[in-house]
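**Student:** For reference, the sequence and a predicted model appear below.
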Amino acid sequence: MAAIETEGLTKFYGAARGIEDVTLTVEPGEVFGFLGPNGAGKTTTIRTLLDLLHPSRGSARIFGLDSRRDSVAIRARLGNLPGDFGYGKHSTGREALTLLARLRGLDGLGRGEQLARRFRAELDRPLGRLSRGNRQKVGLILAVFHRPELLILDEPTSGLDPLMQEEFLALVREERERGCAVFLSSHELDEVERVCDRVGIIRGGGLIAVERIADLLEKTTQHRRVEVEFVEPVALDAVRSMPGVSGAEYVHPTLEQVFLTYYEEEGEER
Amino acid sequence: MIALAAAQLHERRRSLLAWGLPIGLWSAFVVAIYPSVEDALAKAVASYPEALKQAFGIAELASVEQYLNAEMLSLIVPLAVGYLAVRSVASGLSGAAESGRLDVLLSAPVSRRRLVAAGFAAAAVELAAVLALGLLICLLGSVLAGSGLSFAGALAGYANVWPLALLFAAFGVLVTAWSLRTPIVTGSVAGLLVAMYVADLVGRLDTNLDWVRYGSVFRYYGRAIEEGIDPLAFAGLTAVAALVAALGAILFDRRDLAS
């Protein structure tokens, strides 16, 4: 059974389109990257999955359950790190963790303490006195401490230093290994490339591509650039057979370059 | 639900002192000075226009209970605690939405209705605690100054504020179903609180306008410190508050929670 399965998921804000006909599937044990610029519909998709927004049409099923009707049962099995995590200035991370543990029916703090040590998170200082990165660490711990079956992460490494970003990626891999599905919305294309199995690219509220990372990079060979100084683009064989050329190599595009081509196309359409 | 309500009370623990202490100290001051101003008050009140006395419930100020009612319980305490009520529910709902706390809580297996119920329950406890602290300090002031304030009367007077304030907490819940911006929630309900007070006042000042009092909950507030609590009004206001809050919870469940 899929961890997430959406069918024609659509959300309009009045007349304005949030997302339209988003159809995707995320399997257990899969890390799914969700890419798109600000305003593309990433957060709207996530909030609709979490039943914070009600879909205008279409459906979302999580663990086979209806995201609207069974939202409480679903949330018992998932962890969520909202974009721009906040909890209130006066509360400490430990207070938040204690409350969430109680709401989840846990006796203690689960692996909260262990994660706090791992991420060097300050659980006993009021969140209002923490830097953005340190607040983000607390948010991350709140999302994963109860070993969820599905993790929904919206810009998870925002504010984290490079060391903690590496630790975060290691954590995501560990979660995948134990069978947890991860839905990762991010602007950090490098981290998506390193940790995700598949990516979905959303543009203007519509999902325009869902591919395995390897396939996505492979299928875009027509975009490969040849680093030779010719006046016009030339096929590699033709380049190699040209007299006077001792060698030529394709330059494989990065995921970031592939991603940006979708937006270059959009610019051309306009 | 208890865990959620307890967490909100913990988050708002400062309000007990911030609101209970000033209300208590002001009340204590009023009862403490009563013995020294008693005679002067009687002469002053005798010179007041009848309609004014009627409007502010100061037909006479022949006892410390009547004086405390006129100075505190007929205006300042219900308005202040009514405003605190809406601040309290706004903090648990619209304030939580603004801080991001709501998103975190709704990541856990908690229904929105349960969340609203917990916020409303926490507000009810907070109001009771603030009123209890105010009453306690007031009684202490009376004992120290030898004012002879009746414990039962004072208890009835402060307890009677609770269902009235609770109703404004419920209105706060109702408004959050429409807006999650704290200034809109607190501003609109505070405006309603003042409007209802003024409507009741106008109705009492002019008997031809008595009908406007039906639109105000203050009509059912009474003078519990002198006459005791009206059980029907107390239970009625509490029940209406619970119903309005329940309606608010249903509407809150149906709304979108945009980021």
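**Tutor:** Right, received. Where do you want to start? Numbers count the residues shown, from 1 in each chain, chains lettered A, B, ... in the order given.
**Student:** what's the spacing between residue B:148 and residue B:39?
**Tutor:** Distance, residue B:148 to residue B:39, by C-beta to C-beta, to the nearest Å: 16 Å. C-beta: built from backbone N, CA, C; applies to glycine.
**Student:** between the two, which one's more packed in?
**Tutor:** Comparing residue B:148 with residue B:39 by other C-beta atoms under 10 Å in any protein chain shown, the one with more neighbours is residue B:148, at 13 against 9.
**Student:** Next, the contact list for the closest residue in space to that one that isn't next to it in sequence, please.
**Tutor:** Distance criterion C-beta to C-beta, 6 or more residues apart in numbering or on different chains; nearest residue to residue B:148, sequence neighbours excluded, is residue B:64 at 6.3 Å. Residue B:64 sits next to B:31, B:34-35, B:142, B:147-149 when contact means C-beta atoms under 8 Å, 6 or more residues apart in numbering or on different chains.
**Student:** Of all those, the one with the weakest confidence?
**Tutor:** Minimum pLDDT for those is recorded at residue B:35 (84).
**Student:** any idea which helix or strand carries that residue?
**Tutor:** Take DSSP states H and E as the rule and residue B:35 turns out to sit in helix B:21-47.
**Student:** need the residues of the stretch 51-200 of chain A near chain B, please.
**Tutor:** Contact residues (C-beta under 8 Å from any C-beta of the partner chain) of the stretch 51-200 of chain A with chain B: A:51-54, A:71-73, A:75-76, A:78-80, A:82-91, A:95-96, A:99-100, A:102-104, A:139, A:142-143.
**Student:** Might you name the residue of the stretch 1-150 of chain B sitting closest to chain A?
**Tutor:** Nearest to chain A, among the residues of the stretch 1-150 of chain B, is residue B:100, at 2.9 Å (C-beta to the nearest C-beta).
**Student:** Next one: that residue, what pLDDT does it get?
**Tutor:** For residue B:100, the model assigns a pLDDT of 90.
**Student:** ok, for it, nearest residue in space, not its chain neighbours?
**Tutor:** Nearest residue to residue B:100, sequence neighbours excluded (C-beta to C-beta, 6+ apart): residue A:86, at 2.9 Å.
**Student:** does the one you found sit in a helix, a strand or a coil?
**Tutor:** Three-state assignment for residue A:86 (DSSP: H, G, I helix; E, B strand; the rest coil): coil.
**Student:** Near it, how many other residues are there?
**Tutor:** Using other C-beta under 10 Å: residue A:86 sits among 19 other residues.
**Student:** Show me which residues of the helix holding residue B:35 are buried.
**Tutor:** B:23-24, B:26-34, B:41, B:45 (16 or more other C-beta atoms under 10 Å in any protein chain shown).
**Student:** if I read this right, the residue of the stretch 1-150 of chain B closest to chain A contacts residue A:89, doesn't it?
**Tutor:** No. The pair residue B:100 and residue A:89 does not pass the contact test of C-beta atoms under 8 Å, sitting 10.9 Å apart.
**Student:** Identify the residues contacting the residue in chain A that chain B sits nearest to.
**Tutor:** In chain A, no residue comes nearer to chain B than residue A:86, which is 2.9 Å away by C-beta to the nearest C-beta. When contacts are counted by C-beta under 8 Å, 6+ apart, residue A:86 touches A:127, A:135, B:99-101.
**Student:** Lowest-scoring secondary structure element of chain B by mean pLDDT?
**Tutor:** Taking mean pLDDT, DSSP states H and E as the measure, chain B has helix B:50-55 as its least confident helix or strand, at a mean of 70.
**Student:** and residue A:69, how many neighbours?
**Tutor:** By other C-beta under 10 Å, 10 other residues sit near residue A:69.
**Student:** give me phi/psi at it?
**Tutor:** When read as degrees, to the nearest 10, the backbone of residue A:69 gives phi -70, psi -40.
**Student:** Quick check, pLDDT for it.
**Tutor:** For residue A:69, the predicted pLDDT is 92.
**Student:** mind checking how far it is from residue A:76?
**Tutor:** Distance of residue A:69 to residue A:76, given as C-beta to C-beta: 14 Å.
**Student:** With residue A:95 instead?
**Tutor:** 21 Å.
**Student:** Just to check, residue B:11 is in contact with residue A:87?
**Tutor:** No. With contacts counted by C-beta under 8 Å, residue B:11 stays clear of residue A:87, the gap being 9.9 Å.
**Student:** In terms of packing, which of the two has more residues around it?
**Tutor:** Higher neighbour count among residue B:11 and residue A:87: residue A:87, with 29 against 22, using other C-beta under 10 Å.
**Student:** which SS class is residue A:164?
**Tutor:** Classified using three-state DSSP, residue A:164 is helix.
**Student:** so it touches residue A:131, yeah?
**Tutor:** No. Applying C-beta under 8 Å as the test, residue A:164 and residue A:131 come out as separate, 11.7 Å apart.
**Student:** between those two, who's got more neighbours?
**Tutor:** Using other C-beta under 10 Å as the criterion, residue A:164 and residue A:131 rank with residue A:164 on top: 20 against 10.
**Student:** ok, how many other residues are close to residue A:70?
**Tutor:** Residue A:70: 16 surrounding residues under other C-beta under 10 Å.
**Student:** got the contact list for it?
**Tutor:** Contacts of residue A:70 by C-beta under 8 Å, 6+ apart: none found.
**Student:** Could you measure from it over to residue A:62?
**Tutor:** Per C-beta to C-beta, residue A:70 is found 8 Å from residue A:62.
**Student:** What of residue A:215?
**Tutor:** Residue A:215 sits at a distance of 25 Å from residue A:62 (criterion: C-beta to C-beta).
**Student:** Between the two, which is the more surrounded one?
**Tutor:** Between residue A:215 and residue A:62, counted using other C-beta under 10 Å, the more crowded position is residue A:62 (29 against 10).
**Student:** Give me the pLDDT value at the residue nearest to residue B:100.
**Tutor:** Looking at residue A:86, its pLDDT reads 86.
**Student:** for residue A:230, same thing?
**Tutor:** Listed pLDDT for residue A:230 reads 55.
**Student:** What of the one 4 residues further on?
**Tutor:** On pLDDT, residue A:234 comes in at 65.
**Student:** and if you look at residue A:221?
**Tutor:** At residue A:221, the model reports a pLDDT of 53.
**Student:** cool, residue B:48 as well?
**Tutor:** 76.
**Student:** what about residue A:100, neighbour count?
**Tutor:** Residue A:100, neighbours per other C-beta under 10 Å, totals 27.
**Student:** Enumerate every residue touching it.
**Tutor:** Residue A:100 touches A:142, A:145-146, B:104-105, B:107-108, counting by C-beta under 8 Å, 6+ apart.
**Student:** Which members of the residues you listed are classed as buried?
**Tutor:** When the contacts of residue A:100 are checked for burial by 16+ other C-beta under 10 Å, the buried set is A:142, A:145-146, B:104-105, B:107-108.
**Student:** Please tabulate those in CSV, including the columns distance to residue B:182.
**Tutor:** Output for these, formatted as CSV (distance: C-beta to C-beta, whole Å):
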residue, distance to residue B:182
A:142, 23
A:145, 30
A:146, 30
B:104, 18
B:105, 17
B:107, 22
B:108, 23
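**Student:** Name the nearest of these relative to residue B:130.
**Tutor:** residue B:105 (24.4 Å; C-beta to C-beta).
**Student:** Now that closest one: closest residue in space, sequence neighbours ignored.
**Tutor:** Using C-beta to C-beta, 6+ apart and skipping the chain neighbours, the partner closest in space to residue B:105 is residue B:115 (6.3 Å).
**Student:** Now do the contacts for that neighbour.
**Tutor:** Residue B:115 touches B:4, B:93, B:102, B:105-106, counting by C-beta under 8 Å, 6+ apart.
**Student:** Which of these fall in helices?
**Tutor:** Counting by DSSP state H, these place B:4, B:102, B:105 in helices.
**Student:** Show me where the stretch 101-250 of chain A dips below the pLDDT cut-off.
**Tutor:** The model of the stretch 101-250 of chain A has pLDDT under 70 over residues A:219-234, A:245.
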